[in-house]
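Trainee: The sequence and its predicted three-dimensional model are supplied below.
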Amino acid sequence: MLLQSVVDPVNPRKILVTGGAGYIGAHTVRLLLQQGYDVTVVDDLSKGYRHNVPDGRLCQVNLSQTATLAELLRQTGCQAVVHFAAFIAVGESMREPERYFANNVGGSLSLLTAMLQAGVRHLVFSSTAAVYGTPHETPIREDFPIHAVNPYGESKVMVETLLRWFDEIHHISSVCLRYFNASGADPEGHLGEEHQPETHLIPLLLRAVLTGQPVTLFGTDYDTPDGTCIRDYIHVDDLAQAHILALEYLLSGGPSDQFNVGTGAGHSVLEMVRAVEEVTGRKVPYTIGPRRQGDPPELVAASEKLRTRLGWTPRYADLQSIVEHAWRFACKSRP
Ligand code: UDP
C-alpha cells in the first residue's frame, strides 16, 4: 500500500490521537500502528476502554488540561493530531446541551491552544453528517448548507468554525471528516463497537439475535421504498483509513478542507435486518415502534470529493462484510 512506503520505519511519523480508546479512535490507532506510525493516545476513559489501547500507548488525560497536553505534545514530538474525543449521543445532547458544548467545544479549544503552545500545526477532526441537519436532498455534498438540528451536531459545527479561524490566524491546517454511519468492526475481531448504552442499529440487531429480546424499529411509515430510514453505512476500518489519508494530505502541505466519509450507497433499516439474518442464519426478533425524534428519512453521502482528492476507496463497501465483522465481535463479547 502506498502509505506504507511514505512512512519511514527508522523515523516514523509521530501522531497524537485523542479519544483513541473509543470505537472509531481505537480502530484508527490500530491501523496507524499497522502502517508504521508512532502513536500516543490521549483519553480520559469517560467513554472509551483501556482494553482498546495497546500497552504503553495510553495517557489518561482530559482535554481541559491544556498545559499537560502541550507538555505531552512537546515530549512526544508529535507532528499532527487526530481528534476524536467527544460525546456522541444526540438524545443526551438534547437533554444536557451544556455538557456537550463544554466537552466537545471547550475540549477542542483547549487542545488547539495546547497545539499552538507546542507548535503542532496539523489536525484531523472527527466531524459528522449531523452538521447538515435535515438536508434538502441526497446525496449530500460538502457544499450543502450547514444547519445542525441538535446540540451534538452544533458542537461539531462550532469546532469546524474554530478550526477555520485557527487556520486563518495561526496557520493550523485541518481536515474535517464528516462521518456518515460508522459500523462494523476490526476484521480480525480484536476491536468492535461497545457503547454504553448502545443506541446504534447493527449492534442492537445482533444483540436481539443473541438474546432473543426484540429490538424496536423506529418507524416504517417514512417516504422511502420500504418505509424505513435509509443511511450510508461505512465500515469503521474504511473510516479509519480516511483519517490516515487526511493526515498524509496535511503533512504534505495540503490546505484545510472538509470531506464527507460515506460510501455513497444507502441502505434501509429493513435491508439491514435482512443482512443480519443472512450473516447470522437466524431471525431477528423485532417490534415496530414510532419514529425516533429527529431522524431524517434518508442520509447518504456524496463521496466523490474524498475519493478524488484523497484517493480513498472503501475496502468493505458491502453490508455483508460490515455485518460479518460486527457479528464476529458480538459473539466474542456476547451479552
Ligand atoms: N434504528 C432503529 N432502531 C434502533 C436503533 C436505530 O430502527 O434501535 C434506526 C434509526 O432510526 C436510523 C437507523 O436505524 O434510521 C440508524 O440509526 P443509528 O442510531 O444506528 O445511527 P444514526 O443514523 O442515528 O447515526
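Mentor: It's in.

Trainee: which bits of the chain sit near the ligand?
Mentor: 181, 199-201, 204, 215-218, 229, 231, 269, 292, 295 (Cβ under 6 Å from any ligand atom). C-beta coordinates here come from the backbone N, C-alpha and C atoms, glycine included.

Trainee: Now which of these would you call buried?
Mentor: If you count burial by 16 or more other Cβ atoms under 10 Å, the buried members of those come out as 181, 201, 204, 215, 217-218, 229, 231, 269.

Trainee: show me where pLDDT drops low in the stretch 201-335 of the chain?
Mentor: 334-335 (pLDDT under 70).

Trainee: What ranges does it have for its strands?
Mentor: Ranges of strands within the stretch 201-335 of the chain are 215-218, 230-231, 233-235, 257-261, 267-268, 286-289, 298-299, based on DSSP state E, counting those that start in this stretch.

Trainee: out of the ones you listed, deepest packed?
Mentor: Sort these by mean neighbour count, taking mean count of other Cβ atoms under 10 Å, and strand 233-235 sits at the top with a mean of 26.

Trainee: hmm, who's touching it?
Mentor: Around strand 233-235, the neighbours that count as contacts under Cβ atoms under 8 Å, 6 or more residues apart in numbering are 179-184, 202, 261-263, 267, 272, 314-317, 319, 321-322, 325.

Trainee: Neighbouring strands of that strand in the sheet, and parallel or not?
Mentor: Here strand 233-235 is paired, per DSSP bridges, with strand 181-183 (parallel).

Trainee: so residue 82 bridges to which residues?
Mentor: Counting by DSSP bridges, residue 82 forms beta bridges with residue 17, residue 124.

Trainee: That one reaches residue 13, doesn't it?
Mentor: No: at 11.5 Å, residue 82 does not count as touching residue 13 under the criterion of Cβ atoms under 8 Å.

Trainee: so what's in contact with those two at the same time?
Mentor: Common neighbours of residue 82 and residue 13, using Cβ under 8 Å, 6+ apart, are residue 247.

Trainee: between the two, which one's more packed in?
Mentor: Ranked by neighbour count (other Cβ atoms under 10 Å), residue 82 and residue 13 place residue 82 first, with 30 against 19.

Trainee: Same list (the strands of the stretch 201-335 of the chain) but as TSV, adding distance to residue 105.
Mentor: Shown next, in TSV, are the strands of the stretch 201-335 of the chain (distance: least, Cβ to Cβ, whole Å):
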stretch	distance to residue 105
strand 215-218	29
strand 230-231	26
strand 233-235	25
strand 257-261	17
strand 267-268	32
strand 286-289	33
strand 298-299	23
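
Trainee: Of those strands, which is nearest residue 120?
Mentor: With distances scored as Cβ to Cβ, the stretch of those nearest to residue 120 is strand 257-261 (18.6 Å).

Trainee: OK, contacts around residue 331?
Mentor: Here residue 331 is in contact with residue 210 (criterion: Cβ under 8 Å, 6+ apart).

Trainee: quick one: contacts for whichever residue of the chain sits closest to the ligand?
Mentor: Closest approach between the chain and the ligand, counting by Cβ to the nearest ligand atom: residue 229, at 3.1 Å. Neighbour list for residue 229: 218-219, 222, 268-269, 295-298 [criterion: Cβ under 8 Å, 6+ apart].

Trainee: same thing with residue 84?
Mentor: 17-20, 22, 24-25, 28, 126.

Trainee: Need the nearest residue in space to it, chain neighbours excluded.
Mentor: Nearest non-adjacent residue to residue 84, counting by Cβ to Cβ, 6 or more residues apart in numbering: residue 19, 3.2 Å away.

Trainee: dump the residue contacts of the one you found.
Mentor: Taking Cβ under 8 Å, 6+ apart as the test, what residue 19 contacts is 25, 42-43, 47-48, 83-86, 126.

Trainee: Which phi and psi values does it adopt?
Mentor: Main-chain torsions, residue 19, degrees, to the nearest 10: phi 70, psi 30.

Trainee: Fine, thanks again, bye for now.
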